[in-house]
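Enquirer: One predicted model, sequence on top.
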Amino acid sequence: MYGVQNAVDGLRRAERELLAQLTGVRAALSSLAGAAGGAVIGRRGRPPKSTASRGRKIGKRRRLSAKARAAISAAQKARWAKQKASAKK
């Protein structure tokens, strides 16, 4: 009988300790939320983009004009030629 009573007492003691820890965690969260202007800090780094800049849907590809593709192609061919020429030296 004493073994069961000791186990129950130990569990109640652990419960009180956990409740005290939970109270401390909640206090820390509320102070952080107050410091962040009412919002809990959810991410680090650069702030999310505004909704106005998210005009195009995800998955849609942007199209390049033929002129732009030709310019990119010519620039890459020039880089390859330069690299090939320096490799021959």
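Expert: Everything's here; your move. Numbers count the residues shown, from 1 in each chain.
Enquirer: State the pLDDT value of residue 5.
Expert: On pLDDT, residue 5 comes in at 89.
Enquirer: how far does stretch 17-24 sit from the chain's center?
Expert: 29 Å (C-alpha atoms, centre = their mean, to the nearest Å).
Enquirer: three-state assignment of residue 14?
Expert: Under DSSP: H, G, I helix; E, B strand; the rest coil, the three-state class of residue 14 is helix.
Enquirer: no no, residue 44
Expert: Quick answer, by three-state DSSP: residue 44 is coil.
Enquirer: Near it, how many residues? Count them for me, please.
Expert: Residue 44 is flanked by 5 other residues according to other C-beta atoms under 10 Å. Every C-beta, even on glycine, is put in place using the N, C-alpha and C of the backbone.
Enquirer: and residue 33, how many neighbours does it have?
Expert: Neighbour tally, residue 33, other C-beta under 10 Å: 13.
Enquirer: Please identify the helix or strand for it.
Expert: For residue 33, the host element (DSSP states H and E) is helix 2-35.
Enquirer: Give me the distance from that helix to the chain's centre.
Expert: On C-alpha atoms, centre = their mean, the centre of helix 2-35 falls 30 Å from that of its chain.
Enquirer: which element follows it toward the C-terminus?
Expert: Toward the C-terminus, helix 2-35 is succeeded by helix 66-88 as the next helix or strand (DSSP H and E).
Enquirer: Report the mean per-residue pLDDT for that following helix.
Expert: Averaged across helix 66-88, pLDDT comes to 94.
Enquirer: What is it packed up against?
Expert: The contact analysis (3 or more C-beta pairs under 8 Å, 6 or more residues apart in numbering; DSSP states H and E) places helix 66-88 against no helix or strand.
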